[in-house]
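Colleague: Below is the sequence, then the predicted model.
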Amino acid sequence: MLWPLLLLFLVAARSVRFSDQEIRDAREEVKEMFFHGYNNYLTHAFPDDELKPISCTGRRRADRGTLDDALGGFSLTLVDTLDTLLVMGEEEGFVSGVKLVVDHVTFDRDVTVSVFETTIRVLGGLLSSHVLIEDRGLNISWYDGQLLVLAEDIGSRLLPAFKTMTGIPVSRVNLQRGILPDEEQSTCTACAGTLLLEFGLLSRLTSNSTYEEVTSKAVKSLWEKRSSLGLLGNTINTTTGLWMTTDSGIGAGLDSFFEYLYKSYLYFDNNEYHVMWDKAYESAMKYLEVNGWFLVVDMYSGTTRYPWIESLSAFWPGLQVGIGDIASAQSAHKNYHALWRRYGGLPERYDITRETCVSGFYNYPLRPEFIESTYFLYKATRDHRYLAVGREVINSLQKYRVKCGFASIQDVETGKLEDRMDSFFLTETLKYLYLLFDEGNWINTGNYMFTTEAHIFPITLSWHKNPKDSPPPLTCKVEKVDHKLTLPKSSMESKNPKNHPMCQSNEVPATRSRLRIRGLVLDMLSTVNVGIIAGTRESVIGILQKVVKQKEPVEGEEKEEKEK
């Protein structure tokens, strides 16, 4: 009886084993896809911010209402995409792109833009390209730090957004006039808390501490306003510090706040962010997770607000890989993969109880988060089934290929397309997809960190060389809240918290140092297998164990849960 099962296993294993030629073919196909979009942007849209791939024209402000807050008339797609050219080995194209930016981009414009989007796409793109010129040893005779000058210019124009009573920046700022009188005094948690890496690096490169100080203050101000459960809301008033929306999750409005707590701890050797991250992750896993799905809950009671998940939350498995929580990452990734196979993309919102898209959120704008997590899981496991997932993604994206690029999906159920190609498609989606099939890429063999926009920051700068000792070890206790949801049978796989991979040991060895923890960045963000230190290549004991501070039960929490 075992032979048929064994044969079936062997056949299944063989079916997800990619040959070297298949990997090369996939890599070259992704590269061709990139240049189909990039070259058409340069031909039909530059110097506009984005490309309309169906009509073959440039996208300018006012086409999409508030969605256009990312556009500022500063050639967004070009600035955002430069380092992808280096990833794909196109140094000549990169140098040409840098020259275009230096010659044409200016920020002295009377335009109001998103602080968040401008930081992660524009400031991050400029900083990444600047530091990589030196890191990659490029000899550009005419280059004299012009990208850093532009980075400091845009950074200084975003600073007025932080002039609020709480230190939490407003979501939009005018590049010439600062905060306008009629500007809304509100922002989302991710919008205000996902600025640390870019502003912090700008401070280090310019010796101006202001940029790092204001973003650090904003994060701490947000953190102080968390609930007793360790959860944060989605939208906050920047003047009063009161929560305007108390929904808590890992999707839109909160997603990259978690990401930057962990990455900022690692990149800047800041233990305060480390403590925040540990508590934030513990609360997220306790109150948000249900069988690999992460729901939207009330930040004060922890009870379910909405039984839906969002496409933006698909980044989470990749972040879990970074802390060694591979089993949980695989569980969540499996759910997102099932959605991808059903729709050929991830709808912006999906109701897991009704197994359908949430009304009004049927679109898929070619987001990168699922591909990002697929890439990190492959780097951690070397399991070829993740290459197979990547192959599926390529096949799906090719269906959205149009004359001048790749069109977003307006409705995943009908397949209707939209004349839209956001800059992050070239910057993130195709970058991660390319790296998935390029084992020997310099990113995959070096010391680098990805920002939330997949910009590349070297982990070889001065403050990375002499890390301090880690704080005392924290204890691990994984608790789960029963959300009492009726899920489809296929989603009801039971899990025993005692077997949670983060609780294989209650303590992390006291010998762990920040240098060793920083080595894990390369697993989480780009380079080596989990459990191996980049640079020293030494094994790390306890690297697959999550460090979580044990929290005491909140008084009245059980009673409030029953009342809900």
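Modeller: Yes, it's here.
Colleague: isn't L229 right next to D298, touching?
Modeller: No: in this structure, L229 is not within contact of D298 by Cβ atoms under 8 Å, at 9.2 Å. Just so you know, the C-beta spots here come from the backbone N, C-alpha and C atoms, and that holds for glycine as well.
Colleague: what pairs with the residue nearest to I352 when sequence neighbours are not counted across the strands?
Modeller: Among residues not flanking I352 along the chain, W293 sits closest, at 5.2 Å (Cβ to Cβ, 6 or more residues apart in numbering). Under DSSP bridges, the beta-bridge partners of W293 are V290.
Colleague: Equivalent analysis for the one 4 residues further on, please.
Modeller: Note on V297: beta-bridge partners by DSSP bridges are S248, T304.
Colleague: shouldn't it be in contact with V290?
Modeller: No: assessed by Cβ under 8 Å, V297 is found out of contact with V290, at 10.0 Å.
Colleague: Spatially central residue for this structure, please.
Modeller: Closest to where the C-alpha atoms of the chain average out (Cα atoms, centre = their mean) is T452, at 3.8 Å.
Colleague: Show residues contacting stretch 102-111.
Modeller: Defining contact as Cβ atoms under 8 Å, 6 or more residues apart in numbering, one finds that stretch 102-111 is touched by 47, 61, 72-75, 78-79, 146-147, 150, 153-154, 157, 174-177.
Colleague: try 10 Å this time
Modeller: 46-47, 61, 69, 71-76, 78-79, 113, 118, 122, 126, 142-144, 146-147, 149-151, 153-158, 173-177 (Cβ atoms under 10 Å, 6 or more residues apart in numbering).
Colleague: So which bits of it are buried?
Modeller: Buried residues in stretch 102-111, counting neighbours by 16 or more other Cβ atoms under 10 Å, are found at 105, 107, 111.
Colleague: what's the average pLDDT for that stretch?
Modeller: Averaging pLDDT along stretch 102-111 gives 96.
Colleague: With stretch 413-420 instead?
Modeller: Mean predicted confidence for stretch 413-420 is 96.
Colleague: one step back: show the pLDDT at the closest residue to the residue nearest to the centre of the chain other than its chain neighbours.
Modeller: Nearest non-adjacent residue to T452, counting by Cβ to Cβ, 6+ apart: S256, 4.3 Å away. What the model reports for S256 is a pLDDT of 96.
Colleague: now L67
Modeller: 66.
Colleague: sorry, back to before: now the buried members of the contacts of stretch 102-111.
Modeller: Using 16+ other Cβ under 10 Å, the buried ones in those are 46-47, 61, 69, 71-76, 78-79, 113, 118, 122, 126, 143, 146-147, 150-151, 153-158, 173-175.
Colleague: returning to that earlier point: the residue nearest to T452 against E372, yeah?
Modeller: No: counting by Cβ atoms under 10 Å, S256 stays clear of E372, with 11.7 Å between them.
Colleague: and for the two, which residues touch both?
Modeller: With Cβ under 10 Å, 6+ apart, S256 and E372 have common neighbours 315, 319, 452.
Colleague: Report how many residues lie close to the first one.
Modeller: Counted with other Cβ atoms under 10 Å, the burial measure for F315 works out to 24 neighbours.
Colleague: From T381, how far out is it?
Modeller: Applying Cβ to Cβ, to the nearest Å, the value for F315 to T381 is 18 Å.
Colleague: before we move on, what about the second one?
Modeller: In this structure, L319 lies at 16 Å from T381, with Cβ to Cβ as the measure.
Colleague: which regions of this structure lie under the pLDDT threshold?
Modeller: 1-15, 63-67, 462-564 (pLDDT under 70).
Colleague: same for the biggest helix by length in it, what does it pack against?
Modeller: What stands out as the longest helix in the chain, according to DSSP state H, is helix 20-44. Helices and strands touching helix 20-44, as assessed by 3 or more Cβ pairs under 10 Å, 6 or more residues apart in numbering; DSSP states H and E, comprise strand 50-52, strand 57-59, helix 76-87, helix 91-104, helix 385-398, strand 401-402, strand 405-406, helix 430-436.
Colleague: And those: which comes nearest E28?
Modeller: helix 430-436 (9.5 Å; Cβ to Cβ).
Colleague: buried stuff in that closest one?
Modeller: 430-436.
Colleague: same deal with stretch 320-337?
Modeller: Result for stretch 320-337 [16+ other Cβ under 10 Å]: buried residues 320-326, 328-333, 335-337.
Colleague: Which of the residues you listed fall within helices?
Modeller: Short answer: the buried residues of stretch 320-337 in helices (DSSP H) are 320-322, 326, 328-333, 335-337.
Colleague: From the residues you listed, pick the one nearest R24.
Modeller: The nearest one, if we look at these relative to R24 and count by Cβ to Cβ, is H337, at 23.9 Å.
Colleague: need the contact list for the closest one.
Modeller: 314, 317, 330, 346, 370, 373-374, 385-386, 388-389, 392-393.
Colleague: likewise C404?
Modeller: Neighbours of C404 in contact, by Cβ under 10 Å, 6+ apart: 36-37, 39-41, 43-45, 51-57, 419, 421.
Colleague: if we go to 7 Å?
Modeller: 40, 44, 51, 53, 56 (Cβ atoms under 7 Å, 6 or more residues apart in numbering).
Colleague: could you check the distance from it over to R59?
Modeller: Applying Cβ to Cβ to C404 and R59 gives a distance of 12 Å.
Colleague: Quick check: neighbours shared by these two?
Modeller: With Cβ under 7 Å, 6+ apart, C404 and R59 have common neighbours L51.
Colleague: tell me the contacts of the residue nearest to T452?
Modeller: If you count contacts by Cβ under 7 Å, 6+ apart, then S256 has 190, 194, 452 around it.
Colleague: Please identify which helix or strand holds it.
Modeller: helix 255-268 (DSSP states H and E).
Colleague: Could I get the CA-only coordinates of that helix as CSV?
Modeller: What follows is helix 255-268, C-alpha atoms only, in CSV (Å, rounded to 0.1, in the frame of the first residue of the first chain):
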residue,chain,number,x,y,z
ASP,A,255,1.4,47.1,7.2
SER,A,256,4.8,48.6,6.8
PHE,A,257,4.8,50.1,10.4
PHE,A,258,5.6,46.6,11.6
GLU,A,259,8.1,46.1,8.9
TYR,A,260,10.1,49.2,9.8
LEU,A,261,10.2,48.6,13.5
TYR,A,262,12.1,45.4,12.8
LYS,A,263,14.2,46.7,10.0
SER,A,264,15.1,49.9,11.8
TYR,A,265,16.2,48.0,14.8
LEU,A,266,18.5,45.9,12.6
TYR,A,267,19.8,48.7,10.3
PHE,A,268,20.5,51.3,12.9
